[in-house]
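A.B. asks: After the sequence you'll find the predicted model.
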Amino acid sequence: MRVLALTGGIASGKSSAMEIFRREVPGMVGFDADVCVRDLLANDEGIIEKVVGVFGESCRADEGAGIHRSELRKRVFGNPELRQLLESWIHPRVREECLEVLKSAGKLAAPLFLAEIPLLFEGGFHFGQELNLTVAVTKETQRNRLMARNGFSRSLCESILEAQLPMEIKIRRTEVVLWNEGPQVMLEKQIQRFLK
Ligand SMILES: CC(C)(COP(=O)(O)OP(=O)(O)OC[C@H]1O[C@@H](n2cnc3c(N)ncnc32)[C@H](O)[C@@H]1O)[C@@H](O)C(=O)NCCC(=O)NCCS
Ligand SMILES: Nc1ncnc2c1ncn2[C@@H]1O[C@H](COP(=O)(O)OP(=O)(O)OP(=O)(O)O)[C@@H](O)[C@H]1O
């Protein structure tokens, strides 16, 4: 089984790349760190209580829905200390979950395990991957796609971008770059070439 990591900055096209991999490699097993975080913030009582304890009741969502993510987003981006505290609760749990899914992929004899980890380089996350793949675009494109997709203000976009390693550094650290400035079909072609 091939074991790969997929990363990139916010709105660079990681999920789009993941979708292409799923189409190109039937039977592959994927892991999405953002989905794992959403699940923890919605269902994990230990994490929910820690978040509410530090960030206050305003971060609690309606009955039974865990944490109000947009409220938490406003509080952590632009505040490195609070962001790092939140990460210190969440990242170890994401690692554990990723390793569990990797183990089950091995048992299923899947041809590929691909983990989408946005903060792969920031968090120094190793799970036995043979290569790191980075979906890269310019900061301008990241900003434009993020504002178009999420309707975030320019200042929220900037504070999220500031919390991430600059793309040039991710590109220097990665083994494979998937350049996603062009149309989606170009991303697809690069992935097909990589898989050959
Ligand atoms: C702040 C939160 C509540 C915002 O939730 P929201 O639903 O808006 O965003 P989502 O989780 O889908 O993340 C979207 C993107 O934001 C960026 N992002 C998220 N957390 C961080 C962070 N701590 N530092 C830098 N960028 C981040 C990533 O590019 C990610 O792909 C949430 O992202 C969170 O709890 N983050 C801390 C945990 C973490 O580090 N997650 C990253 C994956 S390991
Ligand atoms: N090549 C492309 N051309 C135009 N738009 C694109 C392209 N690739 C992705 N997009 C769009 O940009 C946005 C971000 O893409 P995607 O969700 O795949 O990125 P992501 O890195 O997974 O985002 P996040 O960091 O928020 O999880 C989406 O609205 C997507 O449709």
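C.D. replies: Received it, and whenever you're ready, just let me know what you need. Residues are numbered from 1 along each chain as shown. Ligands and ions are numbered 1, 2, ... in the order given.
A.B. asks: hey, let's count contacts and neighbours off CA atoms from now on
C.D. replies: Noted.
A.B. asks: In three-state terms, label the residue of the chain most remote from its centre for me.
C.D. replies: Note on the chain: the largest C-alpha distance from the chain mean falls to Glu63, namely 27.0 Å (C-alpha atoms, centre = their mean). With DSSP: H, G, I helix; E, B strand; the rest coil as the basis, the three-state label of Glu63 is coil.
A.B. asks: Averaged pLDDT, the longest helix along the chain. What do you get?
C.D. replies: Counting residues, the longest helix found in the chain (DSSP state H) is helix 80-107. Computed over helix 80-107, the mean pLDDT rounds to 96.
A.B. asks: helices or strands up against it?
C.D. replies: strand 29-32, helix 33-43, helix 45-55, helix 69-76, strand 112-116 (3 or more C-alpha pairs under 8 Å, 6 or more residues apart in numbering; DSSP states H and E).
A.B. asks: Now tabulate the ones you listed in CSV and tack on mean neighbour count and distance to Gly124.
C.D. replies: Shown next, in CSV, are the helices and strands packed on helix 80-107 (neighbours: other C-alpha atoms under 10 Å; distance: least, C-alpha to C-alpha, whole Å):
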stretch, mean neighbour count, distance to Gly124
strand 29-32, 20, 16
helix 33-43, 16, 14
helix 45-55, 15, 22
helix 69-76, 15, 20
strand 112-116, 23, 14
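A.B. asks: Make a markdown table out of the ones you listed and add mean pLDDT and distance to ligand 1.
C.D. replies: Below are the helices and strands packed on helix 80-107 laid out as a markdown table (pLDDT from 0 to 100; distance: least, C-alpha to the nearest ligand atom, whole Å):
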| stretch | mean pLDDT | distance to ligand 1 |
| --- | --- | --- |
| strand 29-32 | 98 | 8 |
| helix 33-43 | 97 | 5 |
| helix 45-55 | 95 | 10 |
| helix 69-76 | 93 | 4 |
| strand 112-116 | 98 | 9 |
